[in-house]
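> Coordinates only, no sequence provided:
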């Protein structure tokens, strides 16, 4: 092998090693930043959970749900090995803080600063009036404010791909879908009976409109993921541009 070819080969190998190490270092920094951000929110949630005591059924239930999210977020943080996983930790902490806000509101306290919106929260809307319905022989109720009957809060968002409005409910009827990842056969009747004609919710004009709102939210999420992928691609192209220069040898607090 002639000296010129050998020098070029060494340069190429060196450039590849440099790019790999730079990429690894960049990924490590992103993960560290994401973990720090997630830990900050988890600690904020923990401070609220550990220092608040509910005074009625609604606030006690909301704080119990907040404590559940705090435990889940802590476990997720210990297991997080990627930026995406740490972002999920942050989302879980956000959920917990929404429950804290609900508990503080139920106790007549200042709810504290606004929080980042949860996925699908805007599309789902919020309960705007008290409503009692009976579906398949079972009684359900919802209201925009807590009461002795409606003591189960939900911050609003997507559950198994469908929007559930923010509000206070007589029972957490969305939890089976949250666990199983799918709605039962009676969900259409429940959504239509409880939310049809109610302003400010995804199902105001019927179940099919609510389904469409959920699909629109999913589409928005997919578009956001695509945007993120394009951003990563652009970042990668920028790294390659830097590398090319090297090869040129030109030198709410609570």
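Yep, it's here. Worth saying up front: this structure is predicted, and the values here are computed from it rather than measured.

> contacts, neighbours, all on C-alpha from now
Fine.

> Check which element follows the longest helix along the chain along the chain.
Counting residues, the longest helix found in the chain (DSSP state H) is helix 3-51. Remark: after helix 3-51, the chain's next helix or strand is helix 57-79, criterion DSSP states H and E.

> Mind listing residues that contact that following helix?
Residues from elsewhere that reach helix 57-79 (C-alpha atoms under 8 Å, 6 or more residues apart in numbering): 35, 38-39, 42, 45-46, 49, 52-54, 85-86, 88-90, 92-93, 95-100, 102-104, 106-107, 146-148, 150-153.

> Among those residues, name the ones in strands.
Counting by DSSP state E, the contacts of helix 57-79 place 152, 153 in strands.

> same for the longest helix of the chain, what does it pack against?
Counting contacts by 3 or more C-alpha pairs under 8 Å, 6 or more residues apart in numbering; DSSP states H and E, helix 3-51 packs against helix 57-79, helix 83-106, helix 207-247.

> let's see 7 Å
helix 57-79, helix 83-106 (3 or more C-alpha pairs under 7 Å, 6 or more residues apart in numbering; DSSP states H and E).

> Check those for me and report the most buried one.
helix 83-106 (a mean of 24; mean count of other C-alpha atoms under 10 Å).

> can you list contacts of that helix?
Helix 83-106 has contacts (C-alpha atoms under 7 Å, 6 or more residues apart in numbering) with 30-31, 34-35, 38, 41-42, 45, 58-59, 62-63, 65-66, 69-70, 73, 76-77, 80, 110-112, 146, 155.

> what angle separates it from helix 57-79?
Counting by axes from the mean of the first three to the mean of the last three C-alpha atoms, to 10 degrees, helix 83-106 points 160 degrees away from the direction of helix 57-79.
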